[in-house]
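1. Here is a sequence with its predicted model. Questions after.
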Amino acid sequence: MAVTGATVIATSPQVKRSRLTLYATETQLQVLRSPARFKVVFAGRRWGKTTCGVLSIIEKVSKAAPYEGGLGWWISPTYRQSRRPFRQLVRGLRDAGLLHQAHRGDLSITTNTGWQIEFRSADRPDNLLGEGLNFVVIDEHAILSDELWYECVRPMLADTCGTLLGIGTPRGKRGWAFQLWARAKQKAEKDYAGFHYTVNDSVFIPASEAREAQRTMPDRAFRQEFMAEFLDSTGAVFAGVRQRVAIPVLGEAVGIGVDWAKKVDYTSMHVVGARSGCVMEVIRAPRVAYTAQVGILEELIQKWAKRTDVTPCVVHDQTGVGEAVSDLLAAARIKAEGIIFTEAVKRELIEEAIVAFESNQLGWLPDQPWTETVETSVLEHELFTVTLNASNRPSYSAPEGAHDDCVMSLALANRARRSLWKASLRQPRVTIV
């Protein structure tokens, strides 16, 4: 797919009539040339969403503002995310001879054609209330609230008959952006246009890289982030997990993951081979004092240290009671990495485990009867689900009434396994001749 030039005419009392060439991909030009007032784009990673938004603004402000101080906004989920498009727009306007002033402090721009462009954050929609807008570009529209569009931005476009360009990656079949996209699919809605592009429409990602991403990423994540699919908001996380097996390597080091509990869940421990990713052992400790649970872990470490001649790498949940357990671990001289769970950290751990299972880097012992604890672990993984939270981000959890202690301890063990494997790759290799 080639990069194509589109010529527009820059006209204003301050700028002499001149030709301005905007270079865009063929699919970006489809969006730019659409006459629709409300345009919504759903595209995969590296399609060029930000560049398309910047080009749309340059094309808009190349013409004189309809009145003094014509106003346009760029809205991003956070203020920090506005900085890259701000810099890109400043360079484009400067090259086009349209830049009058750029204020990096408040991320605002004025043009020689009489336009004011402001970069705003969607963190607090109430702060977006103001005067009428002539145009708005909304970045990552699928994760922004309905309130932002229906109660803040849409009314500001009314008195000016302003335009919208929404750009982002799908986050399920929900939200104002998807509703506008669905409306655009109705032929009678002439003011709306919806565009959908996948990684196959991107000129910035080699086909080999897309194939590698498909091979190593969770299927759901690849379909959403690269293929821009509108996936349902709920679903199983570990597809086919019961059939995943791994062959242990003789004498390999092991990683141990521990998810502590005492009253509601069980304390769960998983032992995983560093090279093979084979789940060697699963323990669900009874609801006893934490000192006794630390004792169980200590025995487990000693057992596997003797088998492998390498002290296992331990990663544990340090959230809440984990802080107190860390002191007990230190007193027992157990070296362990503590991880404090946040929504983002939990999502990262789970997605690492998904990738490991789906790329055959994690699996169960083959051809051996499963113990009750292993069966419990497998069942927890089969029941584990994903939903979209209020911010349209994936949120992983066990169904109501079920447990997730095994899922989280195996995810922690997988993190420990990865740490051991990376450390082994950094070891210098000496050949003696």
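-> Yes, it's here.
2. what about residue 371, how many neighbours?
-> 12 (other Cβ atoms under 10 Å). The way it works is simple: take the backbone N, C-alpha and C, and place the C-beta from them, glycine included.
3. same thing with residue 138?
-> 26.
4. Does it touch residue 164 like I think?
-> Yes. Taking contacts as Cβ atoms under 8 Å, residue 138 lies within contact range of residue 164: 6.9 Å.
5. hey, what's residue 163 bridged with?
-> With DSSP bridges as the criterion, residue 163 is bridged to residue 135.
6. give the contact list for it.
-> Counting by Cβ atoms under 8 Å, 6 or more residues apart in numbering, residue 163 touches 37, 38, 39, 60, 134, 135, 136, 157.
7. ok, of those, which come out buried?
-> The neighbour-count test (16 or more other Cβ atoms under 10 Å) applied to the contacts of residue 163 identifies 38, 39, 60, 134, 135, 136, 157 as buried.
8. so how far is residue 60 from residue 90?
-> Distance of residue 90 to residue 60, computed by Cβ to Cβ, to the nearest Å: 16 Å.
9. Also residue 171?
-> Distance of residue 171 to residue 60, computed by Cβ to Cβ: 27 Å.
10. ditto for residue 219
-> 39 Å.
11. So in the chain, where's the weakest helix or strand by average pLDDT?
-> strand 3-10 (a mean of 46; mean pLDDT, DSSP states H and E).
12. Now do the helices in the stretch 51-200 of the chain.
-> Assigned by DSSP state H, counting those that start in this stretch, the stretch 51-200 of the chain shows helices spanning 83-95, 146-147, 154-156, 175-184.
13. and among these, the most buried is which?
-> helix 175-184 (a mean of 20; mean count of other Cβ atoms under 10 Å).
14. so how far is residue 109 from the residue lying closest to residue 158 once chain neighbours are set aside?
-> Leaving aside its sequence neighbours, residue 158 sits nearest to residue 132 (Cβ to Cβ, 6 or more residues apart in numbering; 7.5 Å). Distance, residue 132 to residue 109, using Cβ to Cβ: 18 Å.
15. More neighbours: those two, which one.
-> residue 109 (24 against 14).
16. Now for that one: which residues touch it?
-> Residues in contact with residue 109, defined by Cβ under 8 Å, 6+ apart, are 86, 89, 90, 93, 99, 101, 102, 103, 116, 117, 118.
17. How about residue 311?
-> Residue 311 touches 301, 305, 335, counting by Cβ under 8 Å, 6+ apart.
18. swap the cut-off to 6 Å and go again
-> Applying Cβ atoms under 6 Å, 6 or more residues apart in numbering, one finds that residue 311 lies in contact with residue 305.
19. swap in residue 241?
-> Residue 241 neighbours (Cβ under 6 Å, 6+ apart): 357, 381.
20. Any regions of the stretch 101-250 of the chain where pLDDT drops low?
-> For the stretch 101-250 of the chain, the stretches flagged by pLDDT under 70 are 124-127, 187, 232-236.
21. redo that, cut-off 50
-> Residues of the stretch 101-250 of the chain meeting the criterion pLDDT under 50: none.
22. the strands in it, which residues?
-> Assigned strands in the stretch 101-250 of the chain, in chain order: 108-111, 115-121, 135-139, 163-168, 192-197, 235-236 (criterion: DSSP state E, counting those that start in this stretch).
23. Tell me which of those lies nearest to residue 257.
-> Shortest distance between residue 257 and those, using Cβ to Cβ, is found for strand 235-236: 21.5 Å.
24. what's the following helix or strand after that closest one?
-> Using DSSP states H and E, the helix or strand that follows strand 235-236 in sequence is strand 254-259.
25. Can I get that next one in PDB, CA atoms only?
-> Output of strand 254-259 as PDB, limited to C-alpha atoms (Å, rounded to 0.1, in the frame of the first residue of the first chain):
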ATOM      1  CA  VAL A 254      12.000 -23.800  39.200                       C
ATOM      2  CA  GLY A 255       9.900 -20.800  40.000                       C
ATOM      3  CA  ILE A 256       7.400 -20.700  42.800                       C
ATOM      4  CA  GLY A 257       4.400 -18.400  43.000                       C
ATOM      5  CA  VAL A 258       2.400 -17.900  46.200                       C
ATOM      6  CA  ASP A 259      -1.000 -16.300  46.700                       C
END
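26. Which helix in the protein has the most residues?
-> helix 405-426 (DSSP state H).
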